[in-house]
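> Return a 3D structure for these sequence lines:
(one chain, ligands or ions: 2)
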Amino acid sequence: MVASVIDGKKIANELHVEIRAKADALAASHGVVPGLAVVLVGEDPASAVYVRNKVKATAECGLKSFEFKLPAETSEAEVLGIVERLNKDPDVHGILVQLPLPKHIDSDKVLGLIDPDKDVDGFHPLNAGRLSVGLPGFVPCTPRGSAILIEKVQPDLSGLHAVVIGRSNIVGKPMAQLLLQKNATVTIAHSRTKDLPAVCRTADILVAAVGRPEMVKADWVKPGAIVIDVGINRITTPEGKGKLVGDVAYAECAEVAGAITPVPGGVGPMTIACLMLNTLDSAYRAAGATV
Ligand SMILES: Nc1nc2c(c(=O)[nH]1)N[C@@H](CN(C=O)c1ccc(C(=O)N[C@@H](CCC(=O)O)C(=O)O)cc1)CN2
Ligand SMILES: [Mg+2]
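Ligands and ions are numbered 1, 2, ... in the order given. Okay, here's the model as predicted:
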């Protein structure tokens, strides 16, 4: 079997067009332009690329962005002060603090200060709690985007077994919650799971979010499974070239899976599209309009 490729870039671009139309409609009906504040602390090159792509997508979607690029030495108190100001700013409907933050800044403290109603990353404990009890709230962008990709291939997950490798608060746990909401039977696997390849082989839907380059091999994949690769790892090839790979050994797994996301061009662009969606939702809610 050769897997069909799930084109996250194309699906994300289609979402951008829909978001633009809804943002324009909100501006016309309520005079409100959805605003996203992006806070970047430090010079991590990957984070700088992601932030640049987010700001670019904001413009494409007809949203307004407010950029805060701060040096690595910025104090925790200064970052907290910026978040407090943004919480009060009526033009800002979404606040995003790019992770990872420098080590001297307590990420939990910063994320916990963001107004939960502007928490478009869905990282605030209140939004994590809302997701776990099935209440409306912001859903983290990577799991939300991954769930959209899975739905394109398989709208009904009843009776299917989903295995999520990784238990982070940002991806693994919310991904498992979303799959559960969609009636999948869900297993969260992690570094202490016994016989991980055997557990993965039972998955109709396999989501890899561990941050280990090409860890998932072809013999971990059930024939016909949907494979979602959340990993983004920069490696150096034996020829000394830089290359971006996922957590899944793509070429060999594509020979076994039914559908698979590539890296780049799979989950990554959907993360950004869902950030735009969450910001749009936030602005509609703040304006008292219905999407
Ligand atoms: N505040 C947040 N911080 C981080 C998040 C997040 O959702 N919110 N997730 C990751 C990084 N991330 C978003 O910030 C992110 C990573 C990758 C991509 C992406 O589009 N990747 C491209 C490849 C881009 C490249 O060349 O490097 C792809 O996969 O096609 C988007 C967003 C950690 N931090
Ligand atoms: Mg820290």
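
> Every contact and neighbour count from this point should use C-alpha atoms.
OK.

> so Gly242 touches Thr236, yeah?
Yes - assessed by CA atoms under 8 Å, Gly242 is found in contact with Thr236 at 4.6 Å.

> show me where the protein has strands.
4-5, 35-41, 64-70, 94-97, 161-165, 185-189, 205-208, 226-229, 233-236, 242-245, 259-260 (DSSP state E).

> Now mean neighbour count too, for the ones you listed, in a markdown table please.
Output for these, formatted as a markdown table (neighbours: other CA atoms under 10 Å):
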| stretch | mean neighbour count |
| --- | --- |
| strand 4-5 | 16 |
| strand 35-41 | 23 |
| strand 64-70 | 16 |
| strand 94-97 | 26 |
| strand 161-165 | 26 |
| strand 185-189 | 19 |
| strand 205-208 | 28 |
| strand 226-229 | 29 |
| strand 233-236 | 14 |
| strand 242-245 | 14 |
| strand 259-260 | 26 |
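
> Any regions of the stretch 101-250 of the chain where pLDDT drops low?
Filtered on pLDDT under 70, the stretch 101-250 of the chain yields no residues whatsoever.

> residues from it in reach of ligand 1?
121, 141-142 (CA under 6 Å from any ligand atom).

> any chance of those residues in CSV, with distance to Val153 and neighbour count too?
Formatted as CSV, these follow (distance: CA to CA, whole Å; neighbours: other CA atoms under 10 Å):
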residue, distance to Val153, neighbour count
Asp121, 25, 25
Cys141, 19, 28
Thr142, 17, 25
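
> quick one: which of those residues sit in helices?
141-142 (DSSP state H).

> what about Arg52, neighbour count?
14 (other CA atoms under 10 Å).

> same thing with Gln177?
The tally of other residues near Gln177 (other CA under 10 Å) stands at 19.

> Val79: how many residues sit nearby?
Val79, neighbours per other CA under 10 Å, totals 18.

> need the contact list for the residue nearest to it when sequence neighbours are not counted.
Counting by CA to CA, 6 or more residues apart in numbering, Val79 lies nearest to Val110, which is 7.4 Å off, once chain neighbours are set aside. Applying CA atoms under 8 Å, 6 or more residues apart in numbering, we find Val110 in contact with 79-80, 83.

> Next: Asn87.
If you count contacts by CA under 8 Å, 6+ apart, then Asn87 has 95, 114-115, 118 around it.

> His104 too?
Counted by CA under 8 Å, 6+ apart, His104 has contacts 75-76.

> ok, back up a step: kindly reformat the strands of the chain as JSON lines and extend each row with distance to ligand 2.
Output for these, formatted as JSON lines (distance: least, CA to the ion, whole Å):
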{"stretch": "strand 4-5", "distance to ligand 2": "36"}
{"stretch": "strand 35-41", "distance to ligand 2": "11"}
{"stretch": "strand 64-70", "distance to ligand 2": "16"}
{"stretch": "strand 94-97", "distance to ligand 2": "12"}
{"stretch": "strand 161-165", "distance to ligand 2": "23"}
{"stretch": "strand 185-189", "distance to ligand 2": "25"}
{"stretch": "strand 205-208", "distance to ligand 2": "24"}
{"stretch": "strand 226-229", "distance to ligand 2": "26"}
{"stretch": "strand 233-236", "distance to ligand 2": "20"}
{"stretch": "strand 242-245", "distance to ligand 2": "25"}
{"stretch": "strand 259-260", "distance to ligand 2": "33"}
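
> Alright, that wraps it up for me.
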